[in-house]
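K.L.:
Coordinates for the following, if possible.
(one chain, ligands or ions: 2)
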Amino acid sequence: LQELGTEDLREHVAAELARTRRRSAQLTDAVDDEDLVKQHSPLMSPLVWDLAHVGSQEELWLVRDVGGREPVRPDIDDLYDAFQHRRADRPELPLLGPTEARQYLSTVRDKVFDLLDETPMEGRRLVDRAFAFGMIVQHEQQHDETMLATHQLRDGPPALDAEPPPPGETALPSEVYVPAGHFTMGTSTEAWALDNERPAHEVHVEAFHLDTTPVTNAEFARFIDAGGYHDPRWWSEAGQRYRHKASLEAPRFWIRDGGRWMRSRFGHVEEVPCDEPVVHVSFYEAEAYAAWAGKRLPTEQEWEKAARFDPATGRSRRYPWGDEDPTPDHANLGQSHLQPAPAGAYPLGEAPCGARQLIGDVWEWTSSDFLPYPGFAAFPYREYSEVFFGADHKVLRGGSFGTDRAACRGTFRNWDFPIRRQIFAGFRCARTPIPDER
Ligand code: AVJ
Ligand code: FE
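P.N.:
Ligands and ions are numbered 1, 2, ... in the order given. I've put the predicted structure just below:
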C-alpha cells in the first residue's frame, strides 16, 4: 500500500469497501426478514444487529471522527454500542428493521465515498488516512465472519453455498522443526495492522517442533475414543469445570450416529470428514488433546515465528509464503469455501519451516493470554483491544475459511474466551525437543 499513488490508493480503498459490502449483503440477503431479526443463539446477535452495527461504526469512525461531518443517526448510537448491551439482550432492543438497516447502511456509505473523494491523501498522510478506511473494512469483515458463525448456529434449510476446497496431501512429515533464535515479531510498517499487532520487536524463541498441519477430525476422534474427554489427566482445572458444566463430549455440531460421527454444517448433515482440520473446539478441548498427545499448544511467539521467520534472510515475512497478498492459491480465506481444506492443502502457502495452512482454514488456539506488545499504544480507541488485554482471553492466530484476506496476515491477533466453540477455531500442537533429539 505504501507504494500506491494517491489515486490508486483511493481506488483500492473504494474497491475494498465495495467488495466487503457485497459479502455483508450476501450473508444477510440469504435469509428472510424473520430470520434476520431472530436470535439464532444467545451467543450471537440477530443478523440485523450486526448489519446496522457495521453502519453505526462506519458513521462514528469515518463520517463523524475522520470526516467531521454531521451525524446521520445520533439517536441510535447506544443501540449498536457493543459495550452497552450483551448479545443475549440485543433482540429486545428497538433495533432498526431489515429495510431501515439497509437504508441506513447505504446512506452512511454514500457519505463515506464523498469523504474518500475529498480526503487529502498526500505523502505520509496518505497511508494514515487510508488506515481509517482500512480499519472500517476490517471491522465489517470481522462482523461478516461473526455473521457466518450465526449462520452455522441457525436452524433450517441451507441458505449459503460454496465450492469445495482444494485437496490435501498426506505424505508430509507430521512435524516441522524451528531452531532457537531471535526473530522480529509484530509490525511497525504493515499499513492496515491494528494497534495490538504493533510495534515490531525482537523476541527470542527456544527451539520447538510444530505440527505440519492443524489437528484433523480423525486425530481428534481418536482422543474421544480413548476416553480423552473423561480423563482428568488431560484437563486443566478450569477446563474440567467447563467440561462438566457444558457436558462436553465432542466438538460442537458433532452428532453421534451409531458407530460414526456426523456433523451439521450450514444446514447440511454429513459424515465428519477424516482429513479436515477439526473446528468448533474450545481452547480447553485443544489443550486437553495436546496433553493427551504428549504435546502442548504453541505460544503465539512460536506460532508467529513458524509463520513468518525466513532463516535464509533473517527477516520476518508478511505471510508464510512471502510478502505478496493472499491469493486463492495460497490459503483458504474469504468464505469462498465454507469449510476447512483437508490437511496438507495449499502447498504454495507453505512457510519456510515447512508448516502448512497457518493462514486460513481454521483459527488456531495458542497457549498465550492476550497481552500488549512492549511499546503498545492504543489506537484509535482503547475499546478496540486494550480493554480486552489480560488472562481472560486467549490468542488465536491465522484466520479461518470465514476470514477475509483484508482482516488476516502473519501479524494478525484474534482473541476470545477459552470456552468459545462457535467460532471457526481449531489448533495444532507444538512440543519442546527432548535433549539430544537434534
Ligand atoms: C477481534 C474478533 C475479537 O468480534 O469481538 C468487532 C472484532 N471488534 N467489533 C470481535 C471486533 C469490534 C473482535 N475480535
Ligand atoms: Fe464491532
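
K.L.:
Skipping its backbone neighbours, what lies nearest the residue of the chain found nearest ligand 1 in space?
P.N.:
In the chain, no residue comes nearer to ligand 1 than Q142, which is 4.3 Å away by CB to the nearest ligand atom. From N, CA and C alone the C-beta is placed, and that goes for glycine too. Once flanking residues are discounted, Q142 sits nearest to A407: 5.6 Å by CB to CB, 6 or more residues apart in numbering.

K.L.:
quick one: contacts of stretch 375-393?
P.N.:
Here stretch 375-393 makes contact (CB atoms under 8 Å, 6 or more residues apart in numbering) with 61, 65, 83, 132, 135, 194-196, 198-199, 201, 369-372, 415-417.

K.L.:
Export only the CA atoms of stretch 61-81, formatted as PDB.
P.N.:
Below are the C-alpha coordinates for stretch 61-81, written out as PDB (Å, rounded to 0.1, in the frame of the first residue of the first chain):
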ATOM      1  CA  TRP A  61     -15.300   6.500  12.900                       C
ATOM      2  CA  LEU A  62     -15.300   7.800   9.400                       C
ATOM      3  CA  VAL A  63     -18.300  10.100   8.900                       C
ATOM      4  CA  ARG A  64     -18.000  11.900  12.300                       C
ATOM      5  CA  ASP A  65     -14.500  11.500  13.600                       C
ATOM      6  CA  VAL A  66     -12.300  11.500  10.500                       C
ATOM      7  CA  GLY A  67     -14.700  13.400   8.300                       C
ATOM      8  CA  GLY A  68     -16.000  15.900  10.900                       C
ATOM      9  CA  ARG A  69     -19.500  15.600   9.200                       C
ATOM     10  CA  GLU A  70     -22.900  15.900  10.800                       C
ATOM     11  CA  PRO A  71     -24.200  12.800  12.500                       C
ATOM     12  CA  VAL A  72     -26.600  10.700  10.400                       C
ATOM     13  CA  ARG A  73     -28.500   8.900  13.300                       C
ATOM     14  CA  PRO A  74     -27.100  10.100  16.700                       C
ATOM     15  CA  ASP A  75     -30.300   8.600  18.200                       C
ATOM     16  CA  ILE A  76     -29.200   5.000  17.600                       C
ATOM     17  CA  ASP A  77     -25.500   5.200  18.800                       C
ATOM     18  CA  ASP A  78     -26.400   3.400  22.100                       C
ATOM     19  CA  LEU A  79     -28.300   0.600  20.500                       C
ATOM     20  CA  TYR A  80     -25.300  -0.500  18.400                       C
ATOM     21  CA  ASP A  81     -22.600   0.100  21.100                       C
END
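
K.L.:
what comes up buried for that stretch?
P.N.:
W61, L62, V63, R64, V66, G67, V72, R73, I76, L79, Y80 (16 or more other CB atoms under 10 Å).

K.L.:
How about the contacts made by the third one?
P.N.:
What that stands for is V63. Applying CB under 8 Å, 6+ apart, the residues near V63 are R69, P71, V72, V108, K111, V112, L115.

K.L.:
rerun that using 10 Å as the cut-off
P.N.:
Each residue near V63 by CB atoms under 10 Å, 6 or more residues apart in numbering is listed here: 55, 69-72, 107-112, 114-115.

K.L.:
So which of the residues you listed sit within helices?
P.N.:
Secondary structure from DSSP state H places G55, T107, V108, R109, D110, K111, V112, D114, L115 of the contacts of V63 in helices.

K.L.:
out of the residues you listed, what pair is the most spread apart?
P.N.:
G55 and D114 (15.5 Å; CB to CB).

K.L.:
which of these two has more neighbours?
P.N.:
G55 (27 against 13; other CB atoms under 10 Å).

K.L.:
Please name the nearest non-neighbouring residue to that one.
P.N.:
L105 (4.1 Å).

K.L.:
Kindly report the same for E145.
P.N.:
Counting by CB to CB, 6+ apart, E145 lies nearest to G402, which is 4.4 Å off, once chain neighbours are set aside.
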